[in-house]
Every structure is written in structure tokens, then in C-alpha cells.
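Chemist: Please work out how this folds:
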Amino acid sequence: MDLLLLSAAAALWCSGNANDDDVWSLFQKFLAAVALAVVLLGGRQIFLELLGLGLALWLPSARRYQ
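Modeler: Got it, this is the predicted structure:
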């Protein structure tokens, strides 16, 4: 399953680089990043999960910019 997600992420990333439409390219790269995050964080690796949680808590809130 991990290899399938990694190959899908690589294919989406390459397809996003080759695409001329900026919005669709960004969406494909976002999906590739999500697939990579699922592979990295799905294996019960607590260190990576804590890093992801720390990053999410470090990001500014949306209310700050209203």
C-alpha cells in the first residue's frame, strides 16, 4: 500500500510539474503531498507525528488575519 501511495504521489507531482494550469498543478502537488504525509505518518512513527502536530500548532490561525 505504501508503494502504491508513493508511486501515485510521484506521478501526481510529475504531472503537476508538466501541467500549464496553475490551479490544477497546485492541486495535484497538494494531493501528492497528502499521499506522502499518509505514508510517512501512517506507520505509527510517533516522532514524525509529533513534528506534524508541532507544525500545525505553530502555524498562525486564520482569525489573526481577519
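Chemist: got a list of what Ile46 touches?
Modeler: By Cβ atoms under 8 Å, 6 or more residues apart in numbering, Ile46 lies in contact with nothing. Yep, even glycine has a C-beta here, placed from its N, CA and C like the rest.
Chemist: Distance of it relative to Gly52?
Modeler: 11 Å (Cβ to Cβ, to the nearest Å).
Chemist: what does Asp2 give?
Modeler: 17 Å.
Chemist: Ok, Phe30 next?
Modeler: Counting by Cβ to Cβ, the gap from Phe30 to Gly52 is 16 Å.
Chemist: do the same with Asp22
Modeler: For Asp22, the distance to Gly52 - Cβ to Cβ - is 27 Å.
Chemist: neighbour-wise, which of the two wins?
Modeler: Gly52 (13 against 8; other Cβ atoms under 10 Å).
Chemist: so that one is in which element?
Modeler: helix 46-58 (DSSP states H and E).
Chemist: now that helix: how far from the chain's centre is it?
Modeler: 14 Å (Cα atoms, centre = their mean, to the nearest Å).
Chemist: Just the C-alpha atoms of it, please, in PDB.
Modeler: What follows is helix 46-58, C-alpha atoms only, in PDB (Å, rounded to 0.1, in the frame of the first residue of the first chain):
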ATOM      1  CA  ILE A  46       5.500   8.900  16.900                       C
ATOM      2  CA  PHE A  47       8.400  11.300  16.300                       C
ATOM      3  CA  LEU A  48       7.000  12.300  12.800                       C
ATOM      4  CA  GLU A  49       3.500  12.600  14.200                       C
ATOM      5  CA  LEU A  50       4.800  14.900  17.000                       C
ATOM      6  CA  LEU A  51       6.600  17.000  14.400                       C
ATOM      7  CA  GLY A  52       3.500  17.300  12.300                       C
ATOM      8  CA  LEU A  53       1.400  18.300  15.400                       C
ATOM      9  CA  GLY A  54       4.000  20.800  16.400                       C
ATOM     10  CA  LEU A  55       4.000  22.300  12.900                       C
ATOM     11  CA  ALA A  56       0.200  22.500  12.900                       C
ATOM     12  CA  LEU A  57       0.200  24.300  16.300                       C
ATOM     13  CA  TRP A  58       3.000  26.600  15.200                       C
END
